[in-house]
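Enquirer: here are the coordinates; sequence isn't available:
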Ligand SMILES: [Zn+2]
């Protein structure tokens, strides 16, 4: 019979202290080992030099060939526009039926306004979470990672307001008093414009999604990149499979290169086109449809209450404006008020639609061609 331990109080205390010493020794060993791995990882991990990355990114863009105007195609041999639909299931959805109607109408307008024969094909549909996780690598790929790293002025950063005012001041300095008056009215000092911008953007983010939470707040901080211009910019540079991404989310936020019409809209970029080394039209675009379909207090007030038909028509005209960049390589235009080449100056998109729809002359031939998007 094996000898049994007698569990006196003395023996129990001894046993516990021995076990503790053993555990302590064991944990210390483990900790030292983990520290060693951590320092080894730190030593191996190259710190990104963002100044160098900026130069490398600039050189990458410069080295891309100058843009060429896309031929109009023919009925038998149209230009193909491949589209991916990306959806945030918490925001108003664009059903397959709605998307197909939009593609059809865009195809018709591309022909009647620009003379393009288009074949539009939606090749993929996925959620925003799936899309960002699939493309995560782009945010660590040099040099196209630079916009994602550099452009965003986070809504949650401590010096947000100072940074926004600085960037607004820079953007306003490039425009004449007449243009500033047209976009901002009488109150167009940098401080006034920046304050209005912050209050508008704050209102958009605070508005509730149908499921009840605000669009962006501390509870979903990590989703800020879904709305970030810089992150979409990197994704467009990385895109190899489609010419346009159509999404029900909005590209809405502050960044360090906002043009005045984005400032005037409170940070809303409806859509944009970026350079591409991979796609036939030398560019890839994204269309963020949330501001067009959201029936929230802010958007109903600023944009107006629109019927489904009017919303869809607005998307088509704004998308056509983007095709003016992507296919015709036309510059952003600030002069011809009733031309489709001039982006909607504010969120009254449908007022803009009524003007450009009635336009007899979009001044297409007078607008210069870009070398880069
Ligand atoms: Zn534009």
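Expert: Ah, there it is. Please read these numbers as outputs of a predicted model, since none were measured by experiment. Residues are numbered from 1 along each chain as shown.
Enquirer: Okay, now the unreliable bits of the stretch 51-200 of the chain?
Expert: Across the stretch 51-200 of the chain, nothing is flagged by pLDDT under 70.
Enquirer: Return the residues of it in contact with the ion.
Expert: By CB under 5 Å from the ion, no residue of the stretch 51-200 of the chain approaches the ion. Where C-beta positions appear, they are placed from N, C-alpha and C, glycine not excepted.
Enquirer: Spell out which parts of the stretch 251-373 of the chain neighbour the ion.
Expert: Counting by CB under 5 Å from the ion, the stretch 251-373 of the chain sits next to the ion at 332, 343.
Enquirer: now the helices for the stretch 251-373 of the chain?
Expert: 260-264, 290-293, 297-302, 308-326, 349-358 (DSSP state H, counting those that start in this stretch).
Enquirer: distance between the second one and the chain's centre?
Expert: Here the centre of helix 290-293 is set off from its chain's centre by 14 Å, with CA atoms, centre = their mean, to the nearest Å.
Enquirer: Can you tell me what sits against it?
Expert: Residues from elsewhere that reach helix 290-293 (CB atoms under 8 Å, 6 or more residues apart in numbering): 91-92, 94, 248-250, 252, 265, 268, 270, 299, 303, 311, 314-315, 318, 347, 349.
Enquirer: Neighbours of residue 117, how many?
Expert: Residue 117 has 16 neighbouring residues, counting by other CB atoms under 10 Å.
Enquirer: give me the beta-bridge partners of the residue of the stretch 151-300 of the chain found nearest the ion?
Expert: Taking CB to the ion as the measure, the stretch 151-300 of the chain has residue 272 as its residue closest to the ion, at 7.0 Å. Note on residue 272: beta-bridge partners by DSSP bridges are residue 286.
Enquirer: what comes up buried for stretch 261-281?
Expert: Residues 261-276, 279, 281 are the ones in stretch 261-281 that count as buried (16 or more other CB atoms under 10 Å).
Enquirer: how far away is the closest residue to residue 175 other than its chain neighbours from residue 113?
Expert: What sits nearest to residue 175 in space, not counting adjacent residues and going by CB to CB, 6 or more residues apart in numbering, is residue 260, at 5.9 Å. For residue 260, the distance to residue 113 equals 25 Å [CB to CB, to the nearest Å].
Enquirer: and these two? which has more neighbours close in?
Expert: In this view residue 260 and residue 113 are compared by other CB under 10 Å, and residue 260 has more residues nearby, 21 against 18.
Enquirer: Pretty sure the more buried one sits against residue 183.
Expert: Yes. Between residue 260 and residue 183 there is a contact at 5.2 Å, judged by CB atoms under 8 Å.
Enquirer: any residues in contact with both of these two?
Expert: What both residue 260 and residue 183 touch, as defined by CB under 8 Å, 6+ apart, is the set residue 175.
Enquirer: who's residue 80 bridged to?
Expert: Residues in beta-bridge contact with residue 80 (DSSP bridges): residue 119.
Enquirer: Give me the neighbour count for it.
Expert: Residue 80 has 13 neighbouring residues, counting by other CB under 10 Å.
Enquirer: measure it to the ion for me?
Expert: Going from residue 80 to the ion by CB to the ion, to the nearest Å gives 22 Å.
Enquirer: let's number from 519 now, not from 1
Expert: Got it, first residue is 519 now, which makes that one residue 598.
Enquirer: if I've got this straight, residue 640 is in a helix?
Expert: No. Using DSSP: H, G, I helix; E, B strand; the rest coil, the assignment for residue 640 is strand, not a helix.
Enquirer: for the nearest residue to it once chain neighbours are set aside, helix, strand, or coil?
Expert: Closest residue in space to residue 640, ignoring its immediate chain neighbours: residue 601 at 4.7 Å, by CB to CB, 6+ apart. Secondary structure, three-state DSSP: residue 601 is strand.
Enquirer: Hmm, residue 759 and residue 601 touching each other?
Expert: No. In this structure, residue 601 is not within contact of residue 759 by CB under 8 Å, at 10.4 Å.
Enquirer: joint contacts of the two?
Expert: By CB under 8 Å, 6+ apart, residue 601 and residue 759 have these common neighbours: residue 641.
Enquirer: more crowded one of those two?
Expert: residue 601 (21 against 11).
Enquirer: what about the helices in the stretch 619-768 of the chain?
Expert: Counting by DSSP H, counting those that start in this stretch, the helices of the stretch 619-768 of the chain are 646-652, 664-668, 678-691, 695-702, 708-724, 747-756.
Enquirer: would JSON lines of the ones you listed with mean neighbour count be doable?
Expert: Converted to JSON lines, the helices of the stretch 619-768 of the chain look like this (neighbours: other CB atoms under 10 Å):
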{"stretch": "helix 646-652", "mean neighbour count": "15"}
{"stretch": "helix 664-668", "mean neighbour count": "21"}
{"stretch": "helix 678-691", "mean neighbour count": "17"}
{"stretch": "helix 695-702", "mean neighbour count": "15"}
{"stretch": "helix 708-724", "mean neighbour count": "18"}
{"stretch": "helix 747-756", "mean neighbour count": "24"}
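Enquirer: of all those helices, which lies closest to residue 567?
Expert: helix 664-668 (11.5 Å; CB to CB).
Enquirer: which residues touch the closest one?
Expert: By CB under 8 Å, 6+ apart, helix 664-668 touches 566, 568, 571-572, 574-575, 656-657, 743, 746-749, 751-752, 755, 774.
Enquirer: and with 6 Å instead?
Expert: With CB atoms under 6 Å, 6 or more residues apart in numbering as the test, helix 664-668 has contacts from 571, 572, 575, 657, 748, 749, 751, 752.
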